[in-house]
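Asks: Below are the sequence and a predicted model; questions follow.
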Amino acid sequence: MQRTPVKALLSATQPSDDVLVQGWVRTRRDSKAFSFIEINDGSCLKGVQVIADATLPDYPEVSRAATGASIEVRGQLVASKGQGQQWEVVARTLKVLGEADATYPLQKKGHSLEFLREIAHLRPRSNLFGAVFRVRSRLAFAIHEFFQSRGFLYVHTPIITGSDCEGAGELFRVSTLDPKAPPLTPEGKVDYAQDFFARPTFLTVSGQLEAEAFATALANVYTFGPTFRAENSNTSRHAAEFWMIEPEMAFCDLWGNMDLAESFVKHLVRDAREHCAADLEFFGNFVDKGLSARLDFVLDRPFQRCSYTEAIEILNRSGRTWEHPVQWGDNLQSEHERFLAEEHFRGPVTVHDYPRTLKPFYMRVNDDGRTVRAMDLLVPGIGEIIGGSQREERLPILEEAMRAHHLSPADYGWYLDLRRYGTVPHAGFGLGFERLLMFVTGVGNIRDVIPFARTPGNAAY
């Protein structure tokens, strides 16, 4: 007999004489004649109540069904006589599949997020993290649904690369050389010509450059995969390993790019509203009281747009004393981004046309020579969740930008070929999946929206 997920049992439209439910015990209450056991299998937030009559032949098994134990129950699905639930299961047989003793760390009490991070292998069984990872799964599906329905092709870009897309130098090196005794060149430097790939290679920080190659052949493409930054940062918004969604579109400018980004975020919020309603209600009750209103605001209003120059003027007119004073030419810090989204515009805002000196080499230079066609989408509670640009399609200007960033055009010959042969205006952006999840769930730390966080000093599991 096939197991029926708890979610299906709770949404049943009629009783059933024979169901099989398998899951983990959340709670158990015993009386003289009955035991009441709540079982959850992760398919939804709520568990199903099982009633085990003391006259059952295998009733002694109940004593082994402590919190955390896995059990299997066959019985009848009947209308519940209790409050707060429509259905319950009256057990005909009960079997303990795997015991859990009193050391099981997820007993029925409150647990801090810090404690739960220490048991990342067990925290998906908690209400909070079960909800987080159900939303994560659903939105991963919705991402593909959004792009596939618009004719985008899914491209798998390499995880090991010889290119540094951002030019930041914060890269994880990939090597098979002996770190204690690497081969050396006559000049005394590490001889990467003897390495596995015969050159220096790294974990990717972005699939953008490779996606551009496919966009200039297939028009509209997207990537969705892991990316890595060797950035020694311990903030609530940064991780060394995270997932990125990166669409790339030929024959598209900055404004079309911003339009797609807005439609994309609205689609994902709408999808979460529709398919994860119970989990979002839980987040609204226990994580972020203002979550529902903030998500509705995203759906109900168009996103605001302002130039970087206008944003600097807004910040300097605010009368605020900033921890990081800002003037034209400075990077916007988290405090600036959140002020713009949360207090000034009171909703998502796209800041565009940043100073050329702040952005990577591949962004299209504006006619003023000082700014590039870059965009950052800022949302309340998080700050930046999307960064993108129109790409520089003019070969001489791109070569100049590479030299200004101390990159050798010879190392990017293939990338320059895209401008030599049939170049077109094109644009794209990157959305950090974990930051999106933080926005949709109200969870305040990136470590709590990814299964096994990779941060400085932490690579457990």
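Replies: Structure's in. What do you need?
Asks: show me the residues around L153 that make contact.
Replies: F214, L218, N220, V221, Y222 (CB atoms under 8 Å, 6 or more residues apart in numbering). (Glycine included, C-beta is placed from N, CA and C.)
Asks: Going by distance to T103, which of these wins?
Replies: Using CB to CB, Y222 is the member of the contacts of L153 that sits closest to T103, with 45.6 Å.
Asks: Over to that closest one. Which of the three states is it?
Replies: Here Y222 is recorded as strand under DSSP: H, G, I helix; E, B strand; the rest coil.
Asks: pretty sure it contacts M244?
Replies: No: the pair formed by Y222 and M244 falls short of the contact definition of CB atoms under 8 Å, at 10.4 Å.
Asks: Between those two, which is the more surrounded one?
Replies: With neighbours defined as other CB atoms under 10 Å, Y222 and M244 compare such that Y222 has more, 25 against 22.
Asks: what are the bridge partners for that one, then?
Replies: Y154, P247 (DSSP bridges).
Asks: which ones are touching it?
Replies: By CB under 8 Å, 6+ apart, Y222 lies in contact with F147, F152, L153, Y154, V155, A211, I245, E246, P247, E248.
Asks: Could I get the full set of helices for the stretch 51-200 of the chain?
Replies: Taking DSSP state H, counting those that start in this stretch, the helices of the stretch 51-200 of the chain run over residues 113-118, 127-149.
Asks: among those helices, which is nearest F196?
Replies: With CB to CB, the closest approach to F196 among these belongs to helix 127-149: 31.3 Å.
Asks: count of neighbours near P183?
Replies: By other CB under 10 Å, neighbour count at P183 equals 12.
Asks: T176 is in contact with that one, correct?
Replies: No: with contacts counted by CB under 8 Å, P183 stays clear of T176, the gap being 11.4 Å.
Asks: mind checking the backbone torsions on T227?
Replies: T227 adopts backbone torsions of phi -130, psi 160, taken as degrees, to the nearest 10.
Asks: Please identify which helix or strand holds the closest residue to it other than its chain neighbours.
Replies: Using CB to CB, 6 or more residues apart in numbering and skipping the chain neighbours, the partner closest in space to T227 is M244 (4.6 Å). In this assignment (DSSP states H and E), M244 forms part of strand 241-250.
Asks: Residues contacting that strand, please?
Replies: Strand 241-250 is contacted from outside by 143, 147, 152, 206-208, 211-212, 214-216, 219-229, 256-257, 260, 264, 424-434, 446, 450, 454, using CB under 8 Å, 6+ apart.
Asks: Can you check the pLDDT for the residue in the chain sticking out farthest from the centre?
Replies: For the chain, the residue at maximal distance from the C-alpha centroid (CA atoms, centre = their mean) is T55, at 49.1 Å. Per-residue confidence at T55 stands at 91 (pLDDT).
Asks: Narrow the contacts of strand 241-250 to those in strands?
Replies: 220-228, 426-432 (DSSP state E).
Asks: Drop anything exposed from those.
Replies: 220-225, 227-228, 426-432 (16 or more other CB atoms under 10 Å).
Asks: so which two of those residues are the farthest from each other?
Replies: N220 and F228 (25.9 Å).
Asks: need the helices for the stretch 351-461 of the chain, in chain order.
Replies: For the stretch 351-461 of the chain, the helices defined by DSSP H, counting those that start in this stretch cover 395-404, 413-420, 433-441.
Asks: highest average neighbour count across those?
Replies: helix 433-441 (a mean of 25; mean count of other CB atoms under 10 Å).
Asks: any residues touching it, and which ones?
Replies: With contact meaning CB under 8 Å, 6+ apart, helix 433-441 is reached by 131-132, 135-136, 139-140, 143, 224, 237, 239, 242-245, 265, 268-269, 272, 279-280, 283, 287-288, 291, 295, 379, 381-382, 384-385, 443-446, 449-450.
Asks: What's the mean pLDDT across it?
Replies: 95.
Asks: And stretch 221-228, by the same measure?
Replies: 97.
Asks: Which SSE is immediately downstream of the helix or strand containing D18?
Replies: D18 is part of strand 16-30, with elements assigned from DSSP H and E. For strand 16-30, the following helix or strand on the C-terminal side (DSSP H and E) is strand 34-40.
Asks: quick check: angle from that following strand to helix 127-149?
Replies: Strand 34-40 and helix 127-149 meet at an angle of 40 degrees, taking axes from the mean of the first three to the mean of the last three CA atoms, to 10 degrees as the criterion.
Asks: List the strands paired with strand 34-40, with their directions.
Replies: Sheet partners by DSSP bridges: for strand 34-40, these are strand 16-30 (antiparallel), strand 48-53 (antiparallel).
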